[in-house]
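**Student:** Requesting a structural model of the entry that follows:
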Amino acid sequence: MSKSRLLAQAGDQQVVLQLDRLNKIFNAETPLENHVLHDISLQVSRGELVALVGTSGSGKSTLLNVMGLLDVSSSGELRIQGHLVQGLTEQQRTQLRSESIGFVFQFHHLISAFSVLDNVLMPLMLRYGKPSAEQTAYAEYLLNEVGLANYMRQPTNRLSGGQQQRVAIARALVTRPALVLADEPTGNLDTQTADEVFSLFERFNVEHQCAIVIVTHDPRLSARCPRTIRLTDGRVVYDGASADLPGLFITP
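**Tutor:** Predicted structure coming up:
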């Protein structure tokens, strides 16, 4: 059995995300070369709630895109649930992403012509076509859990910003992913609504034991994550308990 497989199975927590000396360079070997990520090594286990913080331009979104298989690294290794990503075809990457990763973005990317329920079911429709009765029941359960049981048949453009983000969270969870990646999910919400939405992340992190990595500029929310990873100029300068991180406030 490989060393990485042993690491992934060590202890009670399964390692769902593992990066080893990962680099990302845009426009390599040209006058416009930009080395955005430098030798990033970290791992995230099932059930962890992690804040990813740093100033604007520190590489947070680029790192999240690489973690989510939306972009490819220039060098180093990335493993999702023990699967080495480097060397996979685009089709294999797409399949691994759809099976293992859920996404929540600052902008909800909901389809206004579709109902709330259909928006939640969209990842399953793209993978399987018509969702099964069991899958539909699970989507309805998730909408009930985020407080939108009475809105399932309504178009999403009738919902408030906070309600739309709740739909996005349900959509991210409908495939039962091992890893959820959230990029500034409360960035457009007022303080009270942001707290309510973040509480849903905390709740689902515990109940579903999915690993969650959240990019946020809000120091109140990052402090509620047990672990914080801080980037500066594309390098990890802190990875540990949020309570032990001095100067947590991050300026956008």
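**Student:** For the protein, which segments count as strands?
**Tutor:** 15-26, 34-45, 49-53, 75-80, 83-84, 101-105, 179-183, 211-215, 227-232, 235-241 (DSSP state E).
**Student:** Going by mean pLDDT, which of the ones you listed comes out lowest?
**Tutor:** When the strands of the chain are ranked by mean pLDDT, strand 101-105 comes last with a mean of 90.
**Student:** number of nearby residues for E140?
**Tutor:** Around E140 there are 17 other residues, counting by other C-beta atoms under 10 Å. C-beta: built from backbone N, CA, C; applies to glycine.
**Student:** Could you measure from it over to G82?
**Tutor:** Using C-beta to C-beta, to the nearest Å, E140 is found at 32 Å from G82.
**Student:** follow-up on the earlier one: would you mind giving the strands of the chain as a markdown table with distance to N65 and mean neighbour count added?
**Tutor:** Shown next, in a markdown table, are these (distance: least, C-beta to C-beta, whole Å; neighbours: other C-beta atoms under 10 Å):
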| stretch | distance to N65 | mean neighbour count |
| --- | --- | --- |
| strand 15-26 | 9 | 19 |
| strand 34-45 | 10 | 18 |
| strand 49-53 | 12 | 25 |
| strand 75-80 | 12 | 18 |
| strand 83-84 | 18 | 14 |
| strand 101-105 | 10 | 22 |
| strand 179-183 | 9 | 24 |
| strand 211-215 | 10 | 25 |
| strand 227-232 | 13 | 21 |
| strand 235-241 | 16 | 14 |
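**Student:** Out of these, which is closest to L173?
**Tutor:** Comparison of those against L173 by C-beta to C-beta identifies strand 101-105 as nearest, at 5.9 Å.
**Student:** could you point out where this protein is predicted with low confidence?
**Tutor:** Filtered on pLDDT under 70, the chain yields the residue ranges 1-13, 247-252.
**Student:** Could you pull up the residues touching the residue sitting nearest the centre point of it?
**Tutor:** The centroid of the chain falls nearest to L181 when counting by C-alpha atoms, centre = their mean (0.2 Å). Applying C-beta atoms under 8 Å, 6 or more residues apart in numbering to L181 gives the contacts 64, 67-68, 101-104, 212-213.
**Student:** how about a cut-off of 7 Å?
**Tutor:** Residues in contact with L181 (C-beta atoms under 7 Å, 6 or more residues apart in numbering) are 64, 67-68, 101, 103, 213.
**Student:** Ok, R230 next?
**Tutor:** So R230 contacts 53-54, 237-238, 245 (C-beta under 7 Å, 6+ apart).
**Student:** For those residues, work out which two are farthest apart.
**Tutor:** The most distant members of the contacts of R230, if one measures by C-beta to C-beta, are G54 and L245, lying 11.8 Å apart.
**Student:** The two: which is more packed in?
**Tutor:** Set G54 next to L245 and count neighbours by other C-beta under 10 Å: G54 wins out with 23 against 19.
**Student:** measure that one to Q81 for me?
**Tutor:** 26 Å.
**Student:** With A172 instead?
**Tutor:** A172 is 17 Å from Q81, by C-beta to C-beta.
**Student:** And Q14, by the same measure?
**Tutor:** To Q81, Q14 is 7 Å away according to C-beta to C-beta.
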